[in-house]
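J.: give me a 3D structure for the following:
(chains A, B, C and D)
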There are 2 protein chains.
Amino acid sequence: MSTRATTRPGGRSARVQQSVHQAVRELEAELGRDALTVPLIAARAGVTPSTVYRRWGDLRELLSDVAVERLRPDTPPADHGSLRADLEAWTVQFAEEMSSTAGRTYIRDALVGDPEQGNAARCSDYAAEQLKALGVRAAGRGEAVPDVETLLDVVVAPLMYRILFRPSDLSAAYTDHLVATALGRTAPLSPPKS
Amino acid sequence: MSTRATTRPGGRSARVQQSVHQAVRELEAELGRDALTVPLIAARAGVTPSTVYRRWGDLRELLSDVAVERLRPDTPPADHGSLRADLEAWTVQFAEEMSSTAGRTYIRDALVGDPEQGNAARCSDYAAEQLKALGVRAAGRGEAVPDVETLLDVVVAPLMYRILFRPSDLSAAYTDHLVATALGRTAPLSPPKS
DNA sequence: CCGCCAGACGCAACTTCTTCGCGTTAAGCT
DNA sequence: AGCTTAACGCGAAGAAGTTGCGTCTGGCGG
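T.: Numbers count the residues shown, from 1 in each chain, chains lettered A, B, ... in the order given. Here you go, the predicted structure:
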């Protein structure tokens, strides 16, 4: 967990955390996220509400923790033989996952639930790790690889900005444009809108 | 307001909205944002809590509306004689305001309070308007101006991404780097962290 | 200018959530 | 195995959120 220092990671505490997280996922699937309440989750998890309040503080922090887990990539990025192909595929998948209704909700939950922003930083670390893996693989092929910081600035940040602040358009042409820019503007496509 | 269609913009409704917004600002300054509750705000505004709930739905949406108002730029960007100087000054000010504790709180409130994301879009529109004004002025001087979309991608998005997801570093060197990149990489400064 | 209509508000009762103190359980450690 | 203490369960008290109904007022047509 992130919002509190877990001093006792084993035994009952771990079981409680797991059952509560599972209860959140189940109830979210059954009733929708807006219907979630702490007493409801606690009942499903077989726990008293006060336990949830004491461990997580409030519903937002709990949802933030669960959201970060769901945003964690489960597999390393696919290998398509070249940095460009790998980065394009990763960007498309990233954009699709994050711009979906569920993805946007998870991002916003992760962002807002943690006062210390540790969960938000974790989201960024996930993307950085994936990009790092792409870079290492490309370097192994002898390709020149852009800095991870640069990729975050040029690819991830614009995508996230649009997802969070401009719910309108995330076309494939736009993601292609971002990747092309990141790889040294080999494709001179101008920004899509104007 | 954004979250509901205001069918009666005049008279009592307008007074209620104004007094509620003012109560939020006052109580936030006096007690801190975490101490705000709907009954408290309603009492200060001279209104019953049910009125607030009916008009705004819940505390988050109300805070979202207030946050957007506070994020609205009150003055057009200052004129420093050249696009580069204007953009640098604007970016520095933008970064300072948005990365402050209060600024981050307003951004997150604006982001999360409105299910339709209309308030988030408004934030982006504010930045776009400012950048547009810069561009128009530069064009009047005969300067070549980058597209507003490009500026959002290259300057605003990376700043916002760092503010939201990476609470660590927002150095002056970094903002300079972003502006230089936007204006055709006249300054070959590499990203700060690498 | 007057009266009608409808949206918005106040009030109050009700439900649900949230907090807190206290006793109990069980992990971790020696 | 015994001790210490963080973590949990329970229950009560307080606060927040919800809803129905009557009243008020701004907007609109006559």
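J.: show me chain A divided up by domain.
T.: The record's domain parsing of chain A by automatic domain parsing lists A:12-57, A:72-182.
J.: which of the ones you listed is buried the deepest?
T.: Stretch with highest mean neighbour count among the domains of chain A: domain A:72-182 (a mean of 18; mean count of other Cβ atoms under 10 Å in any protein chain shown). The C-beta positions use only the backbone N, C-alpha and C, and glycine is treated the same way.
J.: can you check the pLDDT for A:Glu116?
T.: Note on A:Glu116: pLDDT of 88.
J.: relative to A:Arg141, how far out is the residue nearest the centre of chain A?
T.: Per Cα atoms, centre = their mean, the C-alpha nearest to the average position across chain A is that of A:Leu71, at 3.4 Å. A:Leu71 is 29 Å from A:Arg141, where distance means Cβ to Cβ, to the nearest Å.
J.: near chain B, which residues of chain A are found?
T.: Taking Cβ under 8 Å from any Cβ of the partner chain as the measure of proximity, chain A contacts chain B at A:108, A:111-112, A:117, A:120-121, A:123-124, A:147, A:149-150, A:152-154, A:156-158, A:160-162, A:164-168, A:178, A:190-194.
J.: thinking again about what came up before, could I get the domains of chain A as CSV with distance to B:Ser100?
T.: Formatted as CSV, the domains of chain A follow (distance: least, Cβ to Cβ, whole Å):
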stretch, distance to B:Ser100
domain A:12-57, 24
domain A:72-182, 14
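J.: out of those, which comes closest to B:Pro49?
T.: Closest approach to B:Pro49 among the domains of chain A (Cβ to Cβ): domain A:12-57, 19.2 Å.
J.: for the longest helix seen in chain A, packing partners?
T.: The residue-count maximum for a helix in chain A (DSSP state H) belongs to helix A:118-140. Taking 3 or more Cβ pairs under 8 Å, 6 or more residues apart in numbering or on different chains; DSSP states H and E as contact, the helices and strands that helix A:118-140 lies on are helix A:59-71, helix A:83-99, helix A:101-113, helix A:148-151, helix B:157-165.
J.: list the contacts of the third one.
T.: Translated: helix A:101-113. Identification of contacts with helix A:101-113 by Cβ atoms under 8 Å, 6 or more residues apart in numbering or on different chains yields A:3, A:33, A:60-68, A:70-71, A:97-98, A:117, A:119-120, A:122-123, A:160, A:163-164, A:167, B:108, B:111-112, B:164-165.
J.: quick revisit: ok, which of the domains of chain A comes nearest DNA strand D?
T.: In terms of Cβ to the nearest atom of the strand, the element of the domains of chain A nearest to DNA strand D is domain A:12-57, at 3.4 Å.
J.: off-centre distance for the closest one?
T.: Distance of domain A:12-57 from its chain centroid, counting by Cα atoms, centre = their mean, to the nearest Å, is 21 Å.
J.: for the record, mean pLDDT for that domain?
T.: 97.
J.: quick one: it near DNA strand C?
T.: Yes - counting by Cβ under 7 Å from any atom of the strand, DNA strand C has neighbours in domain A:12-57: A:Arg12, A:Ser13, A:Thr37, A:Val38, A:Pro39, A:Leu40, A:Pro49, A:Ser50, A:Tyr53, A:Gly57.
J.: how many neighbours does whatever residue of chain A ends up closest to DNA strand C have?
T.: In chain A, the residue that lies nearest DNA strand C is A:Gly11 (2.4 Å; Cβ to the nearest atom of the strand). As a burial measure, A:Gly11 scores 8 neighbours (other Cβ atoms under 10 Å in any protein chain shown).
J.: would you check how far apart it and A:Gln18 are?
T.: Where A:Gln18 is concerned, A:Gly11 sits at a distance of 12 Å (Cβ to Cβ).
J.: and A:Ala128, by the same measure?
T.: A:Ala128 is 27 Å from A:Gln18, where distance means Cβ to Cβ.
J.: residue ranges with poor pLDDT in chain A?
T.: For chain A, the stretches with pLDDT under 70 are A:1-10, A:185-194.
J.: which residues of it lie near DNA strand C?
T.: A:8-13, A:37-40, A:49-50, A:53, A:57-59.
J.: let's see which of the residues you listed end up in helices.
T.: Using DSSP H to define helices, the subset of those located there is A:Arg12, A:Ser13, A:Val38, A:Pro39, A:Leu40, A:Pro49, A:Ser50, A:Tyr53, A:Leu59.
J.: hang on, the earlier thing: wait, which of the helices and strands packed on helix A:118-140 is closest to A:Leu27?
T.: When the helices and strands packed on helix A:118-140 are compared (using Cβ to Cβ), the closest one is helix A:59-71, at 10.7 Å.
J.: and the closest one, what does it pack onto?
T.: If contacts are counted by 3+ Cβ pairs under 8 Å, 6+ apart, helix A:59-71 sits against helix A:12-31, helix A:38-45, helix A:49-56, helix A:101-113, helix A:118-140.
J.: could you dump those helices into a markdown table with distance to B:Ala23 added?
T.: Formatted as a markdown table, the helices and strands packed on helix A:59-71 follow (distance: least, Cβ to Cβ, whole Å):
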| stretch | distance to B:Ala23 |
| --- | --- |
| helix A:12-31 | 34 |
| helix A:38-45 | 28 |
| helix A:49-56 | 28 |
| helix A:101-113 | 23 |
| helix A:118-140 | 30 |
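J.: dump those helices to a markdown table, plus distance to DNA strand D.
T.: Listed next are those as a markdown table, based on distance: least, Cβ to the nearest atom of the strand, whole Å:
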| stretch | distance to DNA strand D |
| --- | --- |
| helix A:12-31 | 4 |
| helix A:38-45 | 7 |
| helix A:49-56 | 3 |
| helix A:101-113 | 15 |
| helix A:118-140 | 17 |
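J.: nearest to A:Asp86, of these?
T.: Nearest of the helices and strands packed on helix A:59-71 (Cβ to Cβ): helix A:118-140, 5.0 Å.
J.: next one: the closest one to chain centre, how far?
T.: Put simply, helix A:118-140 sits 12 Å off its chain's centre (Cα atoms, centre = their mean).
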